[in-house]
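Asker: only geometry, no sequence info:
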């Protein structure tokens, strides 16, 4: 028997951050298809409302800056007021992925990365978990990354942010043991979205947003601690620390683990970087 009370998605309220595009929007579609009510949050107010409008009456769109706790609280309050029930499932999906050699990355970009990728997750968890614990049921999904297990050149601070999310998820899951509330970390490989646009990751496996969305929805049933997408890459990251450093260095070279520095279409990449830097 599961130690977590079942969450029936038919009529449940799911709140998703970074939901105007990419993984967030694909996840919203998957939850709506499962019968849930979905509140989409995103910095791009017009786009998130348009995205929600395309999903029908069970979806709503709201402006959200996950790095601002008051904005996050307002998003959750608006979602619950509009849908007439508390949040049953929270998907912390919003994230940014600037790329550059560590010594060339600007301090303001480092802060942006940590504010969105780490504090955005912390804010969401601190806001929804108390009520979930009081009710004795609920589920939080933190969309991390396999970069939270396997470091890559050119993504040092991004790696740091995702390592933080993986550790945060694991620790809070332990703390909430016995409350009926579960927390899952979903760890995608490279995803074919704007986040990775312009970077040729070569041999690293790429997946589609729909693959991540499917894993997120399935986690509501399985309540697993971690879900890697694809699963075999998750197994590889667990084995990597056991490989001698010299051997791993050669394998990394073959896999072009410096792709985020050396295999970049700067014109394509600049469109994404300009958006995340200027949208706030």
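Answerer: All right, it came through fine. In this text, all values refer to a predicted model and were calculated from it rather than measured experimentally. Residues are numbered from 1 along each chain as shown.
Asker: which phi and psi does residue 102 have?
Answerer: Per-residue torsions, residue 102: phi -50, psi -40 (degrees, to the nearest 10).
Asker: buried residues in stretch 208-218?
Answerer: 209, 211-213, 215-217 (16 or more other CB atoms under 10 Å). Just so you know, the C-beta spots here come from the backbone N, C-alpha and C atoms, and that holds for glycine as well.
Asker: check stretch 42-54 too.
Answerer: Here stretch 42-54 shows 42-44, 47-49, 51-52 as buried, counting by 16+ other CB under 10 Å.
Asker: residue 105: which of those residues is nearest?
Answerer: The closest of the buried residues of stretch 42-54 to residue 105 turns out to be residue 43 (CB to CB; 21.4 Å).
Asker: tell me who's in contact with the most centrally placed residue in the chain.
Answerer: Residue closest to the mean C-alpha point of the chain, counted by CA atoms, centre = their mean, is residue 143 at 2.5 Å. By CB atoms under 8 Å, 6 or more residues apart in numbering, residue 143 lies in contact with 23, 91-93, 95, 186, 188, 212, 216.
Asker: the buried residues of stretch 42-54: which two are farthest apart?
Answerer: Using CB to CB, these span at most 14.4 Å, a distance reached by 43 and 52.
Asker: picking that back up, just the buried residues of stretch 42-54: which are in helices?
Answerer: In this view, these that belong to helices under DSSP state H are 47-49, 51-52.
Asker: after the helix or strand where residue 183 lies comes which helix or strand?
Answerer: Residue 183 is part of strand 181-188 when elements are defined by DSSP states H and E. Sequence-wise, the next helix or strand downstream of strand 181-188 (DSSP H and E) is strand 190-191.
Asker: quick one: average pLDDT of that next one?
Answerer: Mean per-residue pLDDT for strand 190-191: 93.
Asker: that one pairs with which strands, and in what direction?
Answerer: Paired with strand 190-191 in the same sheet, following DSSP bridges, are strand 206-207 (parallel).
Asker: quick one, the next helix or strand after the partner strand and strand 181-188 angle?
Answerer: Using DSSP H and E, the helix or strand that follows strand 206-207 towards the C-terminus is helix 209-222. Computed by axes from the mean of the first three to the mean of the last three CA atoms, to 10 degrees, the angle separating helix 209-222 from strand 181-188 equals 150 degrees.
Asker: and helix 209-222, what does it pack onto?
Answerer: On a contact count with 3 or more CB pairs under 8 Å, 6 or more residues apart in numbering; DSSP states H and E, helix 209-222 meets helix 22-33, strand 138-143, strand 181-188, strand 190-191, strand 226-229.
Asker: what sits against residue 25?
Answerer: Residues near residue 25 by CB under 8 Å, 6+ apart: 19, 40, 51, 209.
Asker: one more pass at 6 Å, please.
Answerer: The contact partners of residue 25, taken as CB atoms under 6 Å, 6 or more residues apart in numbering, are 19, 51.
Asker: tell me how far it lies from residue 38.
Answerer: 10 Å (CB to CB, to the nearest Å).
Asker: equivalent analysis for residue 59, please.
Answerer: Distance, residue 59 to residue 38, using CB to CB: 5 Å.
Asker: swap in residue 114?
Answerer: Computed as CB to CB, the residue 114 to residue 38 distance reads 28 Å.
Asker: and what of residue 3?
Answerer: Distance from residue 3 to residue 38, counting by CB to CB: 26 Å.
Asker: who has more neighbours, the two?
Answerer: A count of neighbours by other CB atoms under 10 Å puts residue 38 above the other of residue 3 and residue 38, at 28 against 10.
Asker: which residue packs closest to residue 237, ignoring adjacent ones?
Answerer: What sits nearest to residue 237 in space, not counting adjacent residues and going by CB to CB, 6 or more residues apart in numbering, is residue 149, at 4.0 Å.
Asker: now residue 154
Answerer: In space, and not counting its chain neighbours, residue 154 is closest to residue 260: 3.2 Å by CB to CB, 6+ apart.
Asker: run a quick neighbour tally on that neighbour.
Answerer: For residue 260, the neighbour count with other CB under 10 Å is 26.
Asker: and the helices and strands packed on helix 209-222, which one averages the lowest pLDDT?
Answerer: Taking each of these in turn, the lowest mean pLDDT turns up on strand 190-191, with a mean of 93.
Asker: pull the residues that contact that strand.
Answerer: Residues from elsewhere that reach strand 190-191 (CB under 6 Å, 6+ apart): 196, 201, 204, 206-207.
Asker: hang on, the earlier thing: the residue nearest to residue 237 and residue 240, how far apart?
Answerer: Separation of residue 149 from residue 240 (CB to CB): 8 Å.
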